[in-house]
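[1] Pasting the sequence and the predicted model now:
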Amino acid sequence: MRWTQALIPTLKEDPQDAEVISHKLMVRAGLIRKLISGAYSYLPLGFRVLQKVSNIIREEMNAKGAQEVLLPAIHPSEIWMKTGRYDLLGPVLIKFKDRHDKEIVLGPTHEEIVTDLVANNIKSYKDLPLILYQIQTKFRDEPRPRFGVMRTAEFIMKDAYSFDRDIEGMESSYKKMHDAYCKIFGRCNLPYIPVEADPGIMGGGLSHEFMVLTEAGEDEIVICQKCKYAASTQVAACHSCPGVKPGKAEKKLPIAEVETPGIKTIDKVSEFLKIEPAKLVKTLLYMADDKMVALLIRGDFEANETKLKDYLKCSALGFIDESVIEKTTGAPIGFSGPVGLKDVRIVADNSVKDMTNFVTGANKKDAHLMNVNIDRDFEAKEFSDLRVITKDDKCPACGKAIDIKHAIEIGHMFKLGTKYSEALGARFLNHEGKTNTVIMGCYGIGVNRIIASLIETSNDKDGIIWPLSIAPYQILIVALNIANKKVKEVSEEVYSQLKAGGYDILYDDRDISAGIKFKDADLIGIPIQIVIGEKNAKKHIVEIKTRIDRKVVEVKSFDVESRIKQLIPS
RNA sequence: CGGGGCGUAGCGCAGUUGGCUAGCGCGCUUGGUUCGGGACCAAGAGGUCGACAGUUCAAAUCUGUCCGCCCCGACCA
């Protein structure tokens, strides 16, 4: 491709509305342009990267026997009601009515659709196992799209679905996909980490996320400094409790009410009473399905709703309206406590178990209780690990120190079991002629996020540094002063030579100053630059420069192809 | 949805105590000189100052409403 015939609008300055590096560079390098918040146009360079990533995904999925399909993006809302996800997803679903007043939703994911398809088209165990996948645009009305292409309302996802006769089959499909994912992210040169994760609204058992460490990431993961343990902070178990000093038990002091006018938060109470947060216990009220639950947790810890939901075995967990809280506790939010609380199930995080003489709300406006003690002042029988892990915790696997780091989720895989096949009637006859329900798994990859996270982890002050595998072009010919006859001649010669050799090549044939060409070359980050200048051109010499280390090798122009062959292993 | 910020030429910005014909840099067009890390000279093109309403002799500038965008939080497959 000749640059003079291409649309590659590079920008000298950072766009005003970009914060994270990948967003800035994608716009500056002419990969994307924003249409509205959460939706971007992919320009030729950006689209080429999407295509390259998609092709890698295709190759690895096909290699595992997965078959590519293309499912509709518009769905009847009834199918979403069948699995209950119509309500669960709520405002995230983009809905509209067609001319017959029928409600349509834009697909945010495709478990329902693909399960329905399979339900209608398989009959026997002989039809299984099956893995179907597609690479397609998804639509989600996100509460807050952000960070450029990392969280958008419209994005490209590779979604795969496995259908098996039994659990063992599903485990084997899951393993295949896990393997494929490692190959895919490896080929994209991404420093990925598979972690244990929370399946969330997808349901089913254990899930794995594939994460890329970067400050710009929206998620937090726990990484052990010693062993290989890595998990989402949502699921990482807390075995011990940091900040607890072993030793003699404190003497129980008499309970005392103190006035705390308008002091509602842990920080404020701590400051007001001059008592550290670790001596406070917060009481959080939840509605678990239709029952009220109070969670007690040490003041300096954060409640983990994933663990709580698991512990309670409830399907929906939500906060309670302030009015209901006032009715239940007799006090506004901020003054709830376990002492005297009636008709509410009390569950406590392990961090509370050995606490003595702690502070809680008094269930009375503008008042707290000091020197509260379990058993003496209230009953708490249920203890469990219900908090979010902190950096001061120990590795759940080996007990050594951990780090908590930001990361981008680029892939997620779930063992769904029969959640969707049950709801949508995906059944088959086994070899005994009995009806069985299909066991499913599902496997997603955020294609756009692969691009963003690659740039996040592979850039320098001058621009993007692409790996050969997903670079928009592998080779860039930088013809300096193309108005010079000799430069033009040699450049054209090298270009046609490489084009004939089938190489992936962009030719900067613009008649502009050398400085701009060098800056643009580094910005768009093509891994191999072939620089052709006037002095060298006279001697039929060109420079081959690699973007990543800026190493330069001079070769005779007729030798370019053999040198390139060494750099690009086929 | 709560808190904060922003909206002036394609891009990045100044101007905002109301006052002349709305400016700067980059980019763009034409001509010329240059040509190895964002060249120089000259001449040009390009604007409903986010929208609407109000105050005023006079509004980019003051007031109100709305819209859009970004950040933090909530949420997150």
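    All right, it came through fine.
[2] List, one by one, the residues from the stretch 351-500 of chain A near RNA strand B.
    For the stretch 351-500 of chain A, the residues in contact with RNA strand B (CB under 7 Å from any atom of the strand) are A:409, A:412, A:444, A:462, A:480-481, A:483-484. Every residue, glycine included, has its C-beta placed from N, CA and C.
[3] Who wins on neighbours among these?
    residue A:444 (24 neighbours; other CB atoms under 10 Å).
[4] SS state for residue A:91?
    helix (DSSP: H, G, I helix; E, B strand; the rest coil).
[5] for it, what are its contacts?
    residue A:141 (CB atoms under 8 Å, 6 or more residues apart in numbering).
[6] Tell me how far it lies from residue A:482.
    As judged by CB to CB, to the nearest Å, residue A:91 and residue A:482 stand 54 Å apart.
[7] Flag the shaky bits of chain A, pLDDT-wise.
    Applying pLDDT under 70 to chain A picks out residues A:199-205, A:245-248.
[8] quick one: residue A:533 from RNA strand B, how far?
    To RNA strand B, residue A:533 is 2 Å away according to CB to the nearest atom of the strand, to the nearest Å.
[9] meant to ask about residue A:331, not that
    Counting by CB to the nearest atom of the strand, the gap from residue A:331 to RNA strand B is 22 Å.
[10] With residue A:470 instead?
    22 Å.
[11] you'd agree that residue is up against residue A:455?
    No. Taking contacts as CB atoms under 8 Å, residue A:470 lies outside contact range of residue A:455: 10.5 Å.
[12] So which of those two has more stuff around it?
    residue A:455 (28 against 23).
[13] Please identify which helix or strand holds that one.
    helix A:447-457 (DSSP states H and E).
[14] who touches the helix or strand that comes right after that helix?
    Downstream of helix A:447-457, the first helix or strand assigned by DSSP H and E is strand A:459-460. Defining contact as CB under 8 Å, 6+ apart, one finds that strand A:459-460 is touched by A:21-22, A:25, A:465, A:525.
[15] One more pass at 7 Å, please.
    A:21, A:25, A:465 (CB atoms under 7 Å, 6 or more residues apart in numbering).
[16] So what's the gap between that strand and the chain middle?
    Strand A:459-460 sits 22 Å away from the centroid of its parent chain (CA atoms, centre = their mean, to the nearest Å).
[17] Kindly report the same for stretch A:113-131.
    With CA atoms, centre = their mean, you get 29 Å for stretch A:113-131.
[18] residues making contact with that stretch?
    With CB under 7 Å, 6+ apart, stretch A:113-131 has contacts from A:64-67, A:71, A:75, A:79, A:107, A:132, A:160-165, A:169, A:173, A:420-421, A:424-426, A:428-431, A:438, A:440.
[19] Give me the PyMOL select line for these, limited to the buried ones.
    Here is the PyMOL selection string for the buried members of the contacts of stretch A:113-131, based on 16 or more other CB atoms under 10 Å:
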select buried, chain A and resi 64+66+71+75+79+107+132+160+161+162+163+164+165+169+173+420+421+424+426+428+438+440
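[20] all helices of the stretch 101-250 of chain A, in order?
    A:111-121, A:167-187 (DSSP state H, counting those that start in this stretch).
[21] returning to what we had before: so what touches the helix holding residue A:455?
    A:21-22, A:25-26, A:49-50, A:53-54, A:135, A:148-150, A:155-158, A:188-191, A:212, A:214, A:216, A:408, A:410, A:464, A:470.
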